[in-house]
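> here is my input; please provide its structure:
(chains A and B)
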Protein chains: 2
Amino acid sequence: MPERDLQYLSELAAQLRVDSVRAAAEAGSGHPTSSMSAADLMAVLFACHLRYDFDHPDNPANDHLIFSKGHASPLLYALYKAAGAIDDKELLTFRKRSSRLEGHPTPRLPWVDVATGSLGQGLAVGVGVAMAGRLERLPYRVWVLCGDSELAEGSIWEAAEHAGCEGLANLTVIVDVNRLGQRGPTRHGWDTGAYARRFGAFGWHTIEIDGHDPGQIDFALSDACNTRRRPTVILAKTRKGEGVLEVENREGAHGKPLKDPDKALEELGGPRDVRVEVHKPDDAPAPYRFETRPMSLPTYEVGDKVATRTAFGDALAALGAAREDVVVLDGEVADSTKAEAFAKEFPERFFEMYIAEQELVAAAVGLQVRGWRPYAATFAAFLTRAYDFIRMAGVSRASIRLVGSHAGVSIGEDGPSQMGLEDMAMMRAVYGSTVLYPCDANQAAALTVEMADIEGVSYLRTTRGNTPVIYQPGERFPVGGSRILRHSHNDRATILAAGVTVHEALAAADELRDAGIPVGVIDLYSVKPVDTSALVEAATTTGNLITVEDHRLEGGLADAVMDAVSELGPRVVKLAVTGLPASATPEEQLALARIDRHAIAEAVKRLL
Amino acid sequence: MPERDLQYLSELAAQLRVDSVRAAAEAGSGHPTSSMSAADLMAVLFACHLRYDFDHPDNPANDHLIFSKGHASPLLYALYKAAGAIDDKELLTFRKRSSRLEGHPTPRLPWVDVATGSLGQGLAVGVGVAMAGRLERLPYRVWVLCGDSELAEGSIWEAAEHAGCEGLANLTVIVDVNRLGQRGPTRHGWDTGAYARRFGAFGWHTIEIDGHDPGQIDFALSDACNTRRRPTVILAKTRKGEGVLEVENREGAHGKPLKDPDKALEELGGPRDVRVEVHKPDDAPAPYRFETRPMSLPTYEVGDKVATRTAFGDALAALGAAREDVVVLDGEVADSTKAEAFAKEFPERFFEMYIAEQELVAAAVGLQVRGWRPYAATFAAFLTRAYDFIRMAGVSRASIRLVGSHAGVSIGEDGPSQMGLEDMAMMRAVYGSTVLYPCDANQAAALTVEMADIEGVSYLRTTRGNTPVIYQPGERFPVGGSRILRHSHNDRATILAAGVTVHEALAAADELRDAGIPVGVIDLYSVKPVDTSALVEAATTTGNLITVEDHRLEGGLADAVMDAVSELGPRVVKLAVTGLPASATPEEQLALARIDRHAIAEAVKRLL
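Prediction:
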């Protein structure tokens, strides 16, 4: 590399450090030292290798850059300034109220794909973006900046395994090995070989460099671009706080502004006005076109017994035929979730993610970055494995569809490890989420299709066993709706149920009617958003509500009902799973958990 | 190995297969083929290497055996039968109601340490049990049986990294590489070298063998016992369903009984009555003695401003001095959680788990298996990463103490990725859990100590910023209690708060009192179990309740309140976080989320 270029890159890197120090100083918080270690790496990337049109962030040919070490946000924003995407005034709004330059990057900025800040996630999402590149046959590259500390996260190795085995050569990870975590030294310090052995074993091309040497960085980035059939990891030895004596390679300097920013700026040669011309992609191809064809939903006869998971699988295959933007991921249980119905029809749009639920969800987030409509399925119980990813998908405003099968005690003999009993609590608490829980096959099919157009994180809860079909084919079930299944003007109470308990509630209502106690039954298939007007009506007419759900007492259907009517003060009895189930038949499980027809009837009598 | 021994081992293995087939046939469900592949491995382990006194499962010198592939429960129970721990009649109760032979193993059996069935967890917990062995200076070994499919889980690599770097030579993992997962072939099939490269890179001693050759198995197990300074992984190539043509090495035979069990038994040579004499440990040392000394809690002056996380750290150090059975783990943020106060005083009982929250929780579960009292701390937001482990800790009846700092929007500028906003929903939904949320330093210190004796999964939620000390030092805060902070006979409403919102509620109450509207304030520091009698009293006197919490609307404090009073029908207004926060100061965050004093006062006025 000519001396003049080296000089320029070093000036650019110095400015990135200066601006990181300034932004954090102005904010009174932030992570300047974690930014300074990676400044040379990013300077060379932006000046020489990134292909990105900042004026057109939606250009499908743009590369993707994900700061997995999201706390290095001052560096990212300093890069945006150097690239002319933001000005200095905006840079100094960092971390202030209503600034889009948040403490950790979020997609409020048009150049940010996903929110980061929970470590170990950016790479996992980057894998999904790289998968999309292969699907779209576009030559963009995915660049992920990782910290060394976050390589301890298991999700990193789920991602490494998927990318390595799939040979995602369009993915490059740059690891800023600055030796120091938040609390102190990392496990491997500057032993980049330790990381290289691990990534190498997972099938990656590995390069170890001095992360402050622009020539080495440039060579490594070129090498990554020229490597075929394997993803590349660049393990760059760096110094945290590089360039400022007060903090350089020192413990105790994580996550706080420098004590003497003026002195630091002086050491760094003061503010500059260096610009970086980021290369634009060679062309701006039209966005990947997704064909849409008329949809023909599977139908089920009223009275037949069909599992909602089966209907989900059938509907997914039908949806796949109608919409080319639908992609499906599964955690090595597609024969159980029934996602296999889609896999058989559209193998090129089906991704076997094996037993790695974090990567399952992260890849879905990555795919939706590129406009795909992912459905990710596993057992409801095992989605708990990916809760941090689901939570962050909410922060990322990502539109992903999660499907959890084998919900509740009604799975029967397999026992509590396989029972989704916390999933509604978990999913309801996610920002902007939608939670759907069908009770019959036609409803499950309709809701599966409905999900395709839901923004944000949506969740479909399906049941293992066969349940009676009670709705006609073709009925619509809008999100936020409900269905009144039993109702009379003499109703003395209303039973609120969803999924398997709808059938128990109907049986209880019939039994009670015969005993001279008329009660209403509402199918709350939309658990979030819940049908407030139907619930208000029930609360103000009968005033006595019974909720019944195959889920723990906490955070599920009962809580959803209370959200709608708590200010009205109805009396509400909650039936839900409170004990620890063991093995038993599905019928025994419902009875033991006291959520079956007999328990419901008793609860009504007790309430009245 | 003499021919006679080989003959015996092969007979024993045949019986294990026979009993696996019989148990699943009788149950009508279960995983016989996954059991059959590992039968030779376990036969040799039981006959030649395991040290275990089945009559005294509490002998501290016993080895530990964890079936990480918990679905191979028929094999485990067949082994128990061969060892004389259960009889054939009990074996055939497999998966039936009230049988302790559940679909996946749980500690209802005295020889089972932890529940498994969610894959990738057994090894992670085994690491904790091995850590305890080093702490206790006892020579027991930890044997973990893994499936090959579960090696895709990131938690496996968190465990591998910890065990490899710590050199836990008392840990041996036996991987049943039977090539077939649930849905189909695994990623690496029979390529045991692929797994060996990965474990080798993580610092493990690796051995690749034919998993149906007793001589090779015996040699490998001996090698593992003789290996120093490194954990060992034995990668055993096996055939799923080994021994029965109908299912051997065939797809589509996962997780179901054999179609023709009689024919299978015939192929396997029919039932036998082979016994295995498991070697007892050489001695039965006294259990590790934990010293207890008088406790002197840190104290804080009323009116001072101290963060509850600081009080937690101080109290933890005091507790460590008083109780030698307290151990602390942290996810590389001990300077933030303040667990560092303990680390400084008792470095030998402090475990830096780095940024690997799944292993953080799993190691705590493993340590409590041996009678230690673990506290595991990280940011509340990042405990979501370990939700499946927390859920399974509940199923394991494990007593672990989790501490989540930086709860809520009140952390301020760092933004939503760092805010624990779903943690109460998540923790409340766990079986048998306790959720505590202190509002001042003396209360936080008291609850930290209170937790030491709580059975099951308990959770302490701490706050980043300083909050005023309002309670006197030495006051007691029993689990399930609450504190009435404002009360008059004219109260027109009662505000229910915990943590930071207690202070907002007090300010609102004072403002309302001055405006002629007397309201009560209750500090619900025990979110689960919640103080039902205090809430019933409030619900039946004022009848108007306002809940306010720095947590999402779903599943938190409001839901806890409704659990207690929903049947009484009070009117309840819920104030909680509903939007997506960004960066702002702590005060701005509370105001923007509408959970500050002004929002509370307004809500009261609106309700009345």
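
> tell me which element the residue nearest to residue A:345 when sequence neighbours are not counted is part of?
Excluding the flanking residues, the one nearest residue A:345 by CB to CB, 6 or more residues apart in numbering or on different chains is residue A:317, at 4.9 Å. From N, CA and C alone the C-beta is placed, and that goes for glycine too. Taking DSSP states H and E as the definition, residue A:317 sits inside helix A:308-322.

> what's the first helix or strand after that helix?
strand A:326-330.

> residue A:314: what's it in contact with?
By CB atoms under 8 Å, 6 or more residues apart in numbering or on different chains, the contact set of residue A:314 is A:298, A:338, A:341, A:445.

> swap in residue A:78?
A:15-16, A:18-20, A:23, A:35, A:39, A:91.

> quick check: closest non-adjacent residue to the residue in the stretch 301-450 of chain A positioned nearest to chain B.
Nearest to chain B, among the residues of the stretch 301-450 of chain A, is residue A:417, at 2.8 Å (CB to the nearest CB). Distances taken as CB to CB, 6+ apart place residue B:117 nearest to residue A:417, at 2.8 Å, with adjacent residues excluded.

> ok but that neighbour is inside a helix, no?
No. Looking at residue B:117 with DSSP: H, G, I helix; E, B strand; the rest coil, it is coil, so not inside a helix.

> what number of residues lie near it?
Counted with other CB atoms under 10 Å in any protein chain shown, residues neighbouring residue B:117 total 26.

> residue A:255 too?
With other CB under 10 Å as criterion, residue A:255 counts 17.

> which ones are touching it?
If you count contacts by CB under 8 Å, 6+ apart, residue A:255 has them with A:29-31, A:34, A:71, A:182.

> same check, this time on residue A:189
residue A:179.

> pLDDT score for it?
pLDDT recorded at residue A:189 is 98.

> surely it is in a strand?
No. Using three-state DSSP, the secondary structure at residue A:189 is coil, not a strand.

> how close does it get to residue A:239?
With distances taken as CB to CB, to the nearest Å, residue A:189 is found 12 Å from residue A:239.

> that older thread, do I have it right that the residue of the stretch 301-450 of chain A closest to chain B meets residue B:392?
Yes. Applying CB atoms under 8 Å, one finds residue A:417 in contact with residue B:392, separated by 6.5 Å.

> tell me the residues of the stretch 101-250 of chain A that contact chain B?
A:101-104, A:106, A:108, A:115-120, A:149-150, A:152-158, A:161, A:165, A:181-183, A:186-187, A:197-198, A:200-202 (CB under 8 Å from any CB of the partner chain).

> of these, keep whichever come out buried.
The neighbour-count criterion (16 or more other CB atoms under 10 Å in any protein chain shown) marks A:101-104, A:106, A:115-120, A:149-150, A:152-158, A:161, A:181-183, A:186-187, A:197-198, A:200-202 among those as buried.

> among these, which are in strands?
Per DSSP state E, strands hold no members of those.

> poorly predicted segments of chain A, please.
Along chain A, the model assigns pLDDT under 70 to no residue.

> quick check, central residue of it?
Closest residue to the average C-alpha location of chain A: residue A:393 at 3.3 Å, with CA atoms, centre = their mean.

> and that one, what does it touch?
A:361, A:364-365, A:400, A:430, A:457.

> most neighbours, which of those residues?
Counting by other CB under 10 Å, top hit in these: residue A:361 with 34 neighbours.

> that one and residue B:188, how far apart?
Going from residue A:361 to residue B:188 by CB to CB gives 23 Å.

> hmm, back to that, ok, the residue nearest to residue A:417 touching residue A:415?
Yes. Under the criterion of CB under 8 Å, residue B:117 makes contact with residue A:415 at 6.7 Å.

> overlap of the contact sets of these two?
Common contacts of residue B:117 and residue A:415, defined by CB under 8 Å, 6+ apart, comprise B:103-104.

> follow-up on the earlier one: can you flag which of the buried ones among the residues of the stretch 101-250 of chain A next to chain B belong to helices?
A:154-158, A:161, A:197-198, A:200-201 (DSSP state H).

> from the residues you listed, which single one is nearest chain B?
residue A:154 (2.4 Å).

> residue ranges for the helices of the stretch 451-600 of chain A, please.
Ranges of helices in the stretch 451-600 of chain A, per DSSP state H, counting those that start in this stretch, are A:500-514, A:532-541, A:557-565, A:586-592, A:597-607.

> list the helices and strands the longest helix seen in chain A packs on?
Assignment by DSSP H gives helix A:3-27 as the longest helix of chain A. Judged by 3 or more CB pairs under 8 Å, 6 or more residues apart in numbering or on different chains; DSSP states H and E, helix A:3-27 is in contact with helix A:32-36, helix A:39-44, helix A:73-82, helix A:88-91, helix A:214-226, helix A:261-267.

> just want the angle from it to helix A:214-226.
90 degrees (axes from the mean of the first three to the mean of the last three CA atoms, to 10 degrees).

> in helix A:3-27, which residues are buried?
Result for helix A:3-27 [16+ other CB under 10 Å]: buried residues A:8-10, A:12-27.

> ok, now stretch A:279-299?
Neighbour-count burial for stretch A:279-299 [16+ other CB under 10 Å]: A:280-281, A:288, A:297-298.

> redo the residues you listed as CSV? Include secondary structure and distance to residue A:255.
Below are these laid out as CSV (DSSP: H, G, I helix; E, B strand; the rest coil; distance: CB to CB, whole Å):
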residue, secondary structure, distance to residue A:255
A:280, coil, 35
A:281, coil, 35
A:288, coil, 40
A:297, coil, 52
A:298, coil, 53
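
> can you flag which of the contacts of residue A:393 belong to strands?
A:400, A:457.

> now for the contacts of residue A:393: which two are most distant?
Taking CB to CB as the measure, these span a maximum distance of 13.9 Å, between A:364 and A:430.

> show me what contacts residue A:569?
Contacts of residue A:569 by CB under 8 Å, 6+ apart are B:543, B:569-572.

> and the nearest residue to residue A:596 once chain neighbours are set aside, how far from residue A:505?
Distance criterion CB to CB, 6+ apart; nearest residue to residue A:596, sequence neighbours excluded, is residue A:590 at 4.0 Å. Using CB to CB, residue A:590 is found at 12 Å from residue A:505.

> which one of those two has more residues nearby?
Applying other CB under 10 Å to residue A:590 and residue A:505 shows that residue A:505 carries more neighbours, namely 33 against 26.
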